[in-house]
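*Asks:* What follows is a predicted structure for the sequence shown.
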Amino acid sequence: MFGFSKNKKVAEKRKPKIWEAMIPVISMVILLGGGYGVLQLPVEILLILASFIAGIVTLRLGYKWKDIENGIIESIAKAMPAQMIIIVVGVMIASWIASGSIPMLIDYGLSIVSPSLFLVTACIVCGIISLLTGTAYGTAGTIGIAFIGIAQGMGIPLAPAAGAIVAGAYLGDKISPFAASLNLATAAVRGNLIDTIQHLTWTTIPAYLIGLIVYWIAGSQFAIHNVNTDQITIIQQTLRANFVYSWMLLIPPIVVLVLTFLRKPIIPGMIISSAIALILASYFQGKPFAEGMEYCVSGYKASTGMALVDKLLSRGGLHEMMRISLVAFCAFAFAGIVQKAGILDLLLEKILLFAKTTARLITSGVVAALTTALVTGSAYLSVLIPGELFAPAFKAKKLAAKNLARATQEAHSIVPVIPWAIAAVYMTGTLGVSAWDYAPWAVFNYIGFIFPILYGFLGFSIAPLKSDDESQAGS
């Protein structure tokens with residue numbers, strides 16, 4: 001009898017209490033805010049410590065180590081497609097530099113782009129590309145790489161440059177009909193894409209314009225204090241002395257953009273682009289194919305004779321991206337544990353209890369999406385989980401599904417400024433700037449969620465429910 005009772009107690013699983021659910025979340029905030037933000041301790045170790053604390057809470061709830069292990073594995077498995085992209089980007093960056101594609105784009109960009117309008121230009125151009133392709137990753141991994149190089153050449157601080165690139169890249173990720181996150185947000189609330197895009201413009205455009213104003217003001221200061229025209233000339237001369245230019249060097253980035261626009265899988269497109277780049281490196285730059293393959297693994301090593309250019313071009317490779325991916329693995333371990341223990345579900349349920357009015361309901365949807373993003377670091381989960389959970393409540397309040405889709409999609413945009421999120425890891429690896437540094441400058445990403453909340457309390461741009469079936473445009 002005693003032995004049976006003991007086994008039963010071990011096997012029992014229960015829902016966490018609110019104070020138990022808050023322990024892992026608060027611990028992570030303290031560890032990352034204090035440990036990394038203030039003391040600059042390794043973020044990987046801090047995330048592992050946060051996961052350890054979450055694991056202790058989970059064991060207290062009656063779960064076994066095997067359950068925790070499965071939660072971690074499931075979470076990392078969901079992140080693997082994005083991780084694969086990150087790894088292939090390392091190969092692509094190294095091959096593009098070796099071919100001369102990136103050096104040529106940087107050289108021409110230094111001649112064309114005005115220093116005072118650099119941030120505005122970067123944000124607008126990246127915004128256009130992302131609208132056409134629907135992918136922030138593809139935008140940052142192509143034109144974004146060129147812009148970050150131009151910024152280095154002009155002496156523009158990299159944090160605001162990266163922030164402007166990220167902001168522009170996420171314009172399309174938010175309202176392009178080709179964006180995966182937008183399609184997921186629409187599907188989660190059982191709405192339709194066209195109505196959701198139209199509804200999102202009311203919150204997206206103001207946030208985007210505010211960001212451009214900030215970049216315009218900041219850009220004038222950079223032009224006055226930071227740009228050294230003599231240095232720009234020397235950089236261009238160094239690039240031209242070390243690389244042969246040709247229109248054919250545009251082929252690698254064009255391949256990625258065209259295949260992305262055609263909705264083809266991004267990884268095969270990147271691999272094809274990298275292979276073409278290595279062939280071009282052999283033909284134009286005289287670098288043997290085997291040497292180019294070595295760059296793809298260990299990163300391109302420039303030796304131009306100018307330290308700034310060498311630093312600018314010595315990037316990419318599998319090794320660099322694998323180091324960055326380690327942060328994402330540690331973050332998703334934490335996310336897997338809190339999801340397995342039901343901690344995230346409880347937090348969202350408590351948020352939903354707050355929703356007594358239309359304004360509160362919309363605010364709750366936004367906060368739920370933000371909470372999911374902060375806890376899991378996943379852009380997709382931040383729209384899927386709150387979308388599924390809040391859809392019945394919005395329908396009960398006679399609110400159109402596109403209101404909820406907008407709330408979750410606006411909150412989703414904050415993911416690339418969450419340092420442990422997979423999107424931030426990608427941007428850090430691609431642009432070479434820490435998310436902690438560029439986050440304050442990605443204005444569009446972190447102010448967008450304010451507008452649906454504001455509109456909710458003002459009663460502005462709130463769509464009523466017209467039909468039980470909202471899958472058709474105009475419903």
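*Replies:* That came through, no problem.

*Asks:* name the element the closest residue to Gly429 other than its chain neighbours belongs to?
*Replies:* Nearest residue to Gly429 in three dimensions, chain neighbours excluded: Ile324, at 4.0 Å (CB to CB, 6 or more residues apart in numbering). Quick note: C-beta positions are derived from backbone N, CA and C, even for glycine. Using DSSP states H and E, Ile324 sits within helix 318-340.

*Asks:* and the residue nearest to Gly429, what pLDDT?
*Replies:* pLDDT for Ile324: 70.

*Asks:* try Glu20
*Replies:* pLDDT, Glu20: 90.

*Asks:* chain center to stretch 315-323, what's the gap?
*Replies:* Offset of stretch 315-323 from its chain centre (CA atoms, centre = their mean, to the nearest Å): 18 Å.

*Asks:* what's the answer for stretch 179-195, then?
*Replies:* With CA atoms, centre = their mean, you get 18 Å for stretch 179-195.

*Asks:* Quick check: buried residues in that stretch?
*Replies:* For stretch 179-195, burial by neighbour count (16 or more other CB atoms under 10 Å) applies to 179, 181-193, 195.

*Asks:* Equivalent analysis for stretch 326-337, please.
*Replies:* Residues 327-337 are the ones in stretch 326-337 that count as buried (16+ other CB under 10 Å).

*Asks:* what do you get for stretch 38-46?
*Replies:* For stretch 38-46, by 16+ other CB under 10 Å, it's 43-44, 46.

*Asks:* Could you export these as a markdown table, including pLDDT?
*Replies:* Shown next, in a markdown table, are the buried residues of stretch 38-46 (pLDDT from 0 to 100):
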| residue | pLDDT |
| --- | --- |
| Val43 | 76 |
| Glu44 | 82 |
| Leu46 | 86 |
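
*Asks:* any idea which of these is closest to Trp436?
*Replies:* Val43 (9.0 Å; CB to CB).

*Asks:* Please name the residues that touch that closest one.
*Replies:* The contact partners of Val43, by CB atoms under 8 Å, 6 or more residues apart in numbering, come to 32, 36, 327, 330, 419-420.

*Asks:* Can you name the secondary structure element that comes next after the one helix or strand in the chain whose mean pLDDT sits lowest?
*Replies:* Least confident element among the helices and strands of the chain, by mean pLDDT, DSSP states H and E: helix 2-11 (a mean of 46). Later in the chain than helix 2-11, the nearest helix or strand by DSSP H and E is helix 18-30.

*Asks:* Run through the neighbouring helices and strands of that next one.
*Replies:* helix 43-60, helix 318-340, helix 343-353 (3 or more CB pairs under 8 Å, 6 or more residues apart in numbering; DSSP states H and E).

*Asks:* give me that answer again for 10 Å
*Replies:* helix 43-60, helix 318-340, helix 343-353, helix 358-376 (3 or more CB pairs under 10 Å, 6 or more residues apart in numbering; DSSP states H and E).

*Asks:* Can you tell me which of these is packed in deepest?
*Replies:* helix 358-376 (a mean of 24; mean count of other CB atoms under 10 Å).

*Asks:* average pLDDT across the next helix or strand after that helix?
*Replies:* Moving toward the C-terminus from helix 358-376, the next helix or strand (DSSP H and E) is helix 379-396. Mean per-residue pLDDT for helix 379-396: 79.

*Asks:* So what's the gap between the helix or strand that comes right after helix 379-396 and the chain middle?
*Replies:* Per DSSP H and E, the first helix or strand lying C-terminal to helix 379-396 is helix 401-412. Distance of helix 401-412 from its chain centroid, counting by CA atoms, centre = their mean, is 17 Å.

*Asks:* Show me the shaky parts of the stretch 151-300 of the chain.
*Replies:* Counting by pLDDT under 70, the stretch 151-300 of the chain has low-confidence residues at 178, 222-229.

*Asks:* Just the element for the residue lying closest to Ala151 once chain neighbours are set aside, please.
*Replies:* Using CB to CB, 6+ apart and skipping the chain neighbours, the partner closest in space to Ala151 is Ala161 (3.6 Å). Counting by DSSP H and E, the element that carries Ala161 is helix 158-175.
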